[in-house]
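Asks: The amino acid sequence is not available; the structure is as follows:
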Ligand SMILES: C[S@@+](CC[C@H](N)C(=O)[O-])C[C@H]1O[C@@H](n2cnc3c(N)ncnc32)[C@H](O)[C@@H]1O
């Protein structure tokens, strides 16, 4: 992503998030393995990602944390705006024997035509997008009619205590991971034209596994 495009896509926020992930690279994957082991994250990832079918796009693919869950016959196209993250993803795909094509791209302006993919996967990334509503609208645009968006995201807590906790840690997680832990991502998804057809709620409702379709698409 060029500096000018970065400014247009969200100014300082997007540049800061990109530099955080450029610095993390492969180390991010180790962190997500630990998080998966101490929370329901690994289980939810597996259940959601193994539903991917046909031509698959993974948005904000990171270091390839979902790769073990794809069917080995799948071909996965993955985009991320961080080259070090994408390099880690390519390495992981090769080690797992997954057919993978990685490209540098902004989730908020995907370089693909309308109705290109059967499945769009996006996990733990809406919390980092400068404009999640733009990224969701792009996911909807590139999905074929009847295609599915498979998402794993963490969201703002429902209870007052949980909300206060996530609001309190937000400045720290934004600074260290570009992660906004208190977003209303399910509502943003729906407002962007993607309708959840199945939602799994874990960790007291803070971690969501979502299967969604574009409104008005065949079979929705
Ligand atoms: C928390 S990591 C999640 C990585 C992976 N999806 C996972 O589940 O582990 C967020 C990823 O989103 C990427 N990202 C954030 N904003 C982006 C954008 N606008 N376009 C493309 N990638 C973006 C970051 O570079 C990073 O790899």
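Replies: Cool, got the structure. Bear in mind the structure is a predicted one, so any value in this text is a computation, not a measurement. Numbers count the residues shown, from 1 in each chain.

Asks: Contacts only, for residue 139.
Replies: By Cβ atoms under 8 Å, 6 or more residues apart in numbering, the contact list for residue 139 reads 59, 110, 120, 122, 149, 194. Every residue, glycine included, has its C-beta placed from N, CA and C.

Asks: Report the separation between it and residue 132.
Replies: Distance, residue 139 to residue 132, using Cβ to Cβ, to the nearest Å: 10 Å.

Asks: Determine which two of the contacts of residue 139 are furthest apart.
Replies: Spanning the widest gap among the contacts of residue 139 are 110 and 194, at 14.1 Å by Cβ to Cβ.

Asks: ok, those two, which is more surrounded?
Replies: residue 194 (25 against 21; other Cβ atoms under 10 Å).

Asks: Surely that one touches residue 213?
Replies: Yes: with contact defined as Cβ atoms under 8 Å, residue 194 reaches residue 213; the gap is 7.0 Å.

Asks: next SSE after the top helix by length along the chain?
Replies: If you go by DSSP state H, the chain has its longest helix at helix 160-177. Using DSSP states H and E, the helix or strand that follows helix 160-177 in sequence is helix 185-191.

Asks: Give me the buried positions along stretch 40-47.
Replies: 41-42, 44-45, 47 (16 or more other Cβ atoms under 10 Å).

Asks: for stretch 27-42, same thing?
Replies: Buried, per 16+ other Cβ under 10 Å, within stretch 27-42: 28-29, 32, 36, 41-42.

Asks: nearest spatial neighbour of residue 189, skipping sequence neighbours?
Replies: Distances taken as Cβ to Cβ, 6 or more residues apart in numbering put residue 136 closest to residue 189, at 5.4 Å, once the chain neighbours are dropped.

Asks: Test my guess that the one you found contacts residue 190.
Replies: No: the criterion here is Cβ under 8 Å, and residue 136 misses it with residue 190 at 9.1 Å.

Asks: Looking at the two, which has the bigger crowd around it?
Replies: Set residue 136 next to residue 190 and count neighbours by other Cβ under 10 Å: residue 136 wins out with 28 against 15.

Asks: Return the distance of the more buried one relative to the ligand.
Replies: The gap separating residue 136 from the ligand is 12 Å, by Cβ to the nearest ligand atom, to the nearest Å.

Asks: Equivalent analysis for residue 174, please.
Replies: Applying Cβ to the nearest ligand atom, one obtains 12 Å for the distance of residue 174 from the ligand.

Asks: for residue 44, same thing?
Replies: Taking Cβ to the nearest ligand atom, one finds residue 44 at 11 Å from the ligand.

Asks: hang on, isn't residue 186 packed against residue 155?
Replies: Yes: counting by Cβ under 8 Å, residue 186 touches residue 155, with 6.1 Å between them.

Asks: Pull up the overlap in contacts between these two.
Replies: Common neighbours of residue 186 and residue 155 (Cβ under 8 Å, 6+ apart) are residue 208.

Asks: Can you classify the residue nearest to residue 189 by secondary structure?
Replies: Of the three states, residue 136 takes helix according to DSSP: H, G, I helix; E, B strand; the rest coil.

Asks: how about the residues of this structure near the ligand?
Replies: Listed as neighbours of the ligand in the chain under the rule Cβ under 6 Å from any ligand atom: 14, 17, 21, 32, 60-62, 65, 80-82, 85, 106-108, 123-125, 128-129.

Asks: show me what contacts the spatially closest residue to residue 99 that is not a sequence neighbour?
Replies: Distances taken as Cβ to Cβ, 6+ apart place residue 75 nearest to residue 99, at 4.5 Å, with adjacent residues excluded. By Cβ under 8 Å, 6+ apart, the contact set of residue 75 is 55-56, 99-101.
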